[in-house]
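*Asks:* Sequence and predicted structure are below.
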Amino acid sequence: MATASRRFSRKQLRQPDWFQGASENALEYFESHKTLVFSAAAAIVAIIAIVWGWQGFKARQDVAASHEFTRAVALYQSEKYRDAIPAFETVQSFRWSRYSVLAHLYLVHSYLATKEIDKAMSAAQRSLTATRPNTLYRQIALFTLAGIEEQKNQCQTAIEHYNEAQKIAGALQSNAALGKARCAEQLGDTKTAIVTYKEYLKENPGSPFAIKLSELEAKGSQGAAAK
């Protein structure tokens, strides 16, 4: 069926359409607020320029850091640890680069390789500030710091860092639990050691640490019987 064409009255034809009205209103607003419009446009252009410049700056930092990081890792892999240390420190100076975080972690292990434990601990503590919460890098930093503290017989602090590392879902969860159990045992905290060894064995059934758990449980039972 053919659709009847819409007819407009003369009055309707004489009325301006919505586009014409909107255009005239916009032009009128522009004329009366010209300074404000130009200021807003300038602000938008400035913001775009800042964002663009920042992205360019970060990209240049990444490129420069990449070259330095490649050189530093080559020295590290060649076991030239003393030469690798200043190279990784240079990478750290590119603080907005993604390579900076890795440089922090490699620097810790470079100091460990040269047996400079105090410097390794200081570098490990700084690495915590360079890593984001709940990331694998944070877990590595916590686990490494805890390991150094354990070497220095600072087991109470080591347990805290092992515990934080264990809470992060990542490859070192089980190892962090094992470190915490080991330190608890060293401090004579048999109860915490037993609980943590059980957590470790839950994820690693058949581990020889089951023997260690049995020994601790027997020791705990003997202590309870003596009381």
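*Replies:* Yep, it's here.
*Asks:* Just the C-alpha atoms of the helix or strand hosting L102, please, in CSV.
*Replies:* Using DSSP states H and E, L102 sits in helix 99-113. C-alpha atoms of helix 99-113 as CSV (Å, rounded to 0.1, in the frame of the first residue of the first chain):
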residue,chain,number,x,y,z
TYR,A,99,63.4,-2.1,32.9
SER,A,100,64.0,-0.1,36.1
VAL,A,101,62.2,-2.7,38.3
LEU,A,102,64.1,-5.6,36.8
ALA,A,103,67.4,-3.6,37.3
HIS,A,104,66.6,-3.3,41.0
LEU,A,105,66.2,-7.1,41.3
TYR,A,106,69.3,-7.9,39.3
LEU,A,107,71.3,-5.5,41.4
VAL,A,108,70.4,-7.4,44.6
HIS,A,109,71.6,-10.6,43.1
SER,A,110,74.8,-9.0,41.8
TYR,A,111,75.6,-7.9,45.3
LEU,A,112,74.9,-11.4,46.6
ALA,A,113,77.2,-12.8,44.0
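*Asks:* Let me know the average pLDDT across it.
*Replies:* Mean pLDDT, helix 99-113: 93.
*Asks:* just checking, what packs against that helix?
*Replies:* helix 34-77, helix 81-92, helix 117-130, helix 136-151 (3 or more Cβ pairs under 8 Å, 6 or more residues apart in numbering; DSSP states H and E). Quick note: C-beta positions are derived from backbone N, CA and C, even for glycine.
*Asks:* Just want the angle from it to helix 81-92.
*Replies:* 160 degrees (axes from the mean of the first three to the mean of the last three Cα atoms, to 10 degrees).
*Asks:* how far out from the middle of the chain is helix 99-113?
*Replies:* Averaging C-alpha coordinates over helix 99-113 and over its chain gives two centres that are 15 Å apart (Cα atoms, centre = their mean, to the nearest Å).
*Asks:* what residues does it touch?
*Replies:* The contact list for helix 99-113 (Cβ atoms under 8 Å, 6 or more residues apart in numbering) reads 62, 65-66, 68-69, 72-73, 76, 79, 81, 84-85, 88-89, 91-92, 94, 117, 119-120, 123-124, 126-127, 130-131, 137, 140-141, 144, 148.
*Asks:* Give me the angle between it and helix 136-151.
*Replies:* Using the same axes, to 10 degrees, helix 99-113 lies at 20 degrees relative to helix 136-151.
*Asks:* Show me how the record splits this structure into domains.
*Replies:* 43-115, 131-227 (automatic domain parsing).
*Asks:* Can you flag the weakest of these by average pLDDT?
*Replies:* Across the domains of the chain, the lowest-scoring stretch is domain 43-115, with a mean of 82.
*Asks:* Please list only the buried members of the contacts of helix 99-113.
*Replies:* Among the contacts of helix 99-113, those classed as buried by 16 or more other Cβ atoms under 10 Å are 62, 65, 68-69, 72-73, 76, 81, 84-85, 88-89, 91-92, 94, 119-120, 123-124, 127, 130-131, 137, 140-141, 144, 148.
*Asks:* Tell me how far the residue positioned nearest the centre of the chain lies from R98.
*Replies:* In the chain, the residue lying closest to the centroid (Cα atoms, centre = their mean) is R132, at 2.7 Å. Distance check for R132 against R98: by Cβ to Cβ, to the nearest Å, it reads 11 Å.
*Asks:* got it, and K191?
*Replies:* 42 Å.
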